[in-house]
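Enquirer: I'd like to go over a predicted model; first the sequence, then the structure.
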Amino acid sequence: MLRDGERLDELNLKDLVIIQHKDKFKFGMDAVLLANFVTAKKGDKIVDLGCGSGIIPILIAAKTQDTFIYGVEIQEDMADMATRSVVINKMEERIKIIKGDVRGLEKILGYEKFDIVTSNPPYMPVKTGFDKKQKSENIARYEIYGGLEEFIKAASKLLKFGGKFFMIHRTERLVDILYFLRKYNLEPKKLRFVHPYVDSKPNLLLIESKKGSQPGLNILAPLYVYEKSGEYTKEIIEIYSKMQLEEE
């Protein structure tokens with residue numbers, strides 16, 4: 001099942017594992033925070049845009065009941081890894097990985113068919129020089145195959161009226177995020193800033209929007225990742241513990 005350069009990492013959650021490649025983009029805390037932020041009802045149909053290794057669909061499937069999740073990934077090798085992780089975890093009846101582009105995705109999955117869309121998209125606009133040598137790293141980090149507007153537009157097309165879009169992104173893109181959400185009839189409803197340390201400014205944000213909703217934004221309490229000592233805050237520890245204890 002594993003190929004050259006790949007390893008099987010434990011998620012410390014319900015005996016779940018995930019395949020990752022030593023030279024390709026690996027999931028980070030962003031994915032865990034987003035999966036925890038998502039609120040889904042029993043039976044919801046979900047799409048994760050830019051699923052990478054499949055981490056967000058796997059985490060959401062683990063914390064919900066009877067949901068079905070499509071993971072969409074443009075890189076064939078990453079989509080293949082995600083598919084094999086789904087098989088290893090025996091989640092084939094809950095998750096399907098699709099190799100595809102978010103642009104025009106409604107032509108494949110259907111228009112307004114989903115209750116929830118999630119995304120941990122590439123954060124940075126394309127620039128002349130890249131920080132990473134590996135192509136897969138660049139695709140995961142930079143808006144090479146669709147920028148912020150394309151991801152939000154795709155979410156709007158896929159969602160039913162009243163459906164929810166959950167996303168994590170960088171704080172410097174907040175104005176763009178709010179502008180494009182409104183442009184595509186996704187009304188921002190909840191916003192939470194993520195701070196690396198208790199005394200630092202935020203560098204990430206979690207945002208929930210609802211298709212066709214009336215205006216009204218709730219700013220949630222900030223989420224701090226590290227104490228001054230460098231240890232995880234109590235809430236971060238609880239987030240990881242909560243995901244491990246969901247089934248109990």
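Expert: Here it is on my side, so go on.

Enquirer: Let me know the next secondary structure element after the worst-scoring helix or strand of the chain on mean pLDDT.
Expert: Least confident helix or strand, the chain: helix 135-141 with a mean of 64, by mean pLDDT, DSSP states H and E. The element immediately downstream of helix 135-141 (helix or strand, assigned by DSSP states H and E) is helix 148-158.

Enquirer: Could you check how far V17 is from A31?
Expert: 15 Å (CB to CB, to the nearest Å). The C-beta positions use only the backbone N, C-alpha and C, and glycine is treated the same way.

Enquirer: which SS class is the closest residue to G212 other than its chain neighbours?
Expert: The shortest distance from G212 to any non-neighbouring residue, by CB to CB, 6 or more residues apart in numbering, is to F161 (4.7 Å). Secondary structure, DSSP: H, G, I helix; E, B strand; the rest coil: F161 is strand.

Enquirer: since we're on F161, how many residues are nearby?
Expert: Close neighbours of F161, defined as other CB atoms under 10 Å, add up to 10.

Enquirer: before we move on, the earlier item: neighbour-wise, which of V17 and A31 wins?
Expert: A31 (22 against 16).

Enquirer: Only C-alpha atoms, please: export the strand or helix carrying that one in CSV.
Expert: In the assignment (DSSP H and E), A31 maps to helix 29-37. Output of helix 29-37 as CSV, limited to C-alpha atoms (Å, rounded to 0.1, in the frame of the first residue of the first chain):
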residue,chain,number,x,y,z
MET,A,29,-2.4,22.2,12.8
ASP,A,30,-4.5,24.3,10.4
ALA,A,31,-6.3,21.2,9.2
VAL,A,32,-7.0,20.0,12.8
LEU,A,33,-8.4,23.5,13.8
LEU,A,34,-10.6,23.6,10.7
ALA,A,35,-12.0,20.1,11.3
ASN,A,36,-12.8,21.0,14.9
PHE,A,37,-14.4,24.2,13.8
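
Enquirer: which helices and strands sit right next to it?
Expert: Judged by 3 or more CB pairs under 8 Å, 6 or more residues apart in numbering; DSSP states H and E, helix 29-37 is in contact with helix 55-63, strand 159-170, strand 204-211, helix 234-245.

Enquirer: Just say which of those is most tucked in.
Expert: With neighbours taken as mean count of other CB atoms under 10 Å, the helices and strands packed on helix 29-37 reach their highest mean count in helix 55-63, at a mean of 26.

Enquirer: just checking, next helix/strand downstream of it?
Expert: strand 68-73.

Enquirer: That following strand pairs with which strands?
Expert: Each strand paired with strand 68-73, and its direction, by DSSP bridges: strand 45-49 (parallel), strand 95-99 (parallel).

Enquirer: which regions of this protein lie under the pLDDT threshold?
Expert: Applying pLDDT under 70 to the chain flags residues 124, 127-146, 242-248.

Enquirer: go again using 90 as the cut-off
Expert: 1-4, 6, 8, 10-15, 21-28, 122-147, 199, 228, 239-248 (pLDDT under 90).
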